[in-house]
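K.L.:
Give me a 3D structure for the following:
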Amino acid sequence: MKFLTKTALAAHQSKALGLERDLLAELISSRNFSRRVSTLSLCLGLFCVAGLGYTIHRYAQPIPEHILTINMDTGEINTVSLLTEQKTYGEVIDQYWVGQYVLHHEGYDYYTLQQDYDAVSVMSSPVVAGDYAKLFSGNEAMDRKLQDSMIRTVHLVSVILDRENQIATVRYTTQDKYANRSIPEEKKHWIATVAYSYQKTVLTASQRFLNPLGFQVTSFKAQPEAANAGE
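P.N.:
Sure, this is the predicted structure:
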């Protein structure tokens with residue numbers, strides 16, 4: 001039987017100890033690597049969840065009704081609103097806006113004329129707005145001739161809608177009252193054909209107060225009704 005010398009035994013023990021150290025170092029290194037991988041995976045997961053949450057929050061928000069614009073030449077800041085195009089908002093709403101348009105278009109009061117003018121302008125197509133503007137331009141402008149000497153009141157009789165074709169038939173009366181006369185003039189009966197739509201457009205804040213839904217008249221034709229013949 002061969003016995004190990006002290007030198008050989010010491011060498012063997014040193015080698016075994018080195019192997020144990022290497023194994024322990026490998027285990028520690030492997031554990032650290034696993035920990036780093038786990039930490040990285042957790043961070044990546046949290047980042048993805050946060051990104052998904054932000055995306056859902058961002059695109060789940062409604063489109064803002066108002067945005068700010070700045071005139072780069074003057075520095076003026078305006079509030080504008082974005083409207084989506086819609087064919088109709090229902091019979092009651094359509095009747096209301098058609099009626100409001102006729103009241104603004106056909107009435108006359110010198111002290112509220114600017115409001116009527118602004119309302120007709122923002123609720124009309126360019127062609128219809130241009131025809132209305134001609135009433136108040138030049139030497140024969142209505143406001144220049146009449147000023148505050150007369151008030152014309154409008155009374156709506158009926159608003160009948162053809163919603164499919166977006167055309168309204170409006171019956172109404174007008175009555176003039178002159179400041180220098182105690183008795184108003186006789187009523188006049190009218191019938192108007194109004195073509196309308198709701199336009200996708202951009203409005204300033206002041207225009208939105210007058211026309212929040214983007215109502216627009218594309219044709220306005222008024223003529224005396226037969227009832228006037230007997231007056």
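K.L.:
Break the protein down into its structural domains.
P.N.:
Segmentation of the chain into domains, based on automatic domain parsing, reads 7-61, 79-230.
K.L.:
ok, of those domains, where does mean pLDDT dip lowest?
P.N.:
Per-stretch mean pLDDT for these is lowest at domain 7-61 (a mean of 59).
K.L.:
Not counting sequence-adjacent ones, nearest residue to residue 188?
P.N.:
residue 174 (5.1 Å; C-beta to C-beta, 6 or more residues apart in numbering). C-betas here are computed from N, CA, C, even on glycine.
K.L.:
Look up how far residue 200 lies from that neighbour.
P.N.:
Going from residue 174 to residue 200 by C-beta to C-beta, to the nearest Å gives 33 Å.
K.L.:
Looking at those two, which one has more neighbours?
P.N.:
When neighbours are counted by other C-beta atoms under 10 Å, residue 174 and residue 200 differ, and residue 174 comes out ahead with 17 against 10.
K.L.:
isn't the more buried one right next to residue 154, touching?
P.N.:
Yes. In this structure residue 174 lies within contact range of residue 154 using C-beta atoms under 8 Å: 5.5 Å.
K.L.:
who touches both of the two?
P.N.:
Shared between the contact lists of residue 174 and residue 154 (criterion: C-beta atoms under 8 Å, 6 or more residues apart in numbering) are residues 106-107.
K.L.:
Can you show me the helices along the chain?
P.N.:
With helices called from DSSP state H, the chain shows them at 6-60, 91-106, 113-122, 126-133, 142-146, 205-210.
K.L.:
what sits against residue 122?
P.N.:
With contacts defined as C-beta under 8 Å, 6+ apart, residue 122 is in contact with 203, 207, 210-211.
K.L.:
Next, count neighbours for residue 138.
P.N.:
8.
K.L.:
Next one: it from residue 144, what distance?
P.N.:
In this view, residue 138 and residue 144 are 8 Å apart by C-beta to C-beta.
K.L.:
Likewise for residue 102?
P.N.:
Separation of residue 102 from residue 144 (C-beta to C-beta): 24 Å.
K.L.:
Which of the two has more residues huddled nearby?
P.N.:
A count of neighbours by other C-beta under 10 Å puts residue 102 above the other of residue 102 and residue 144, at 23 against 11.
K.L.:
Great, nothing more from me.
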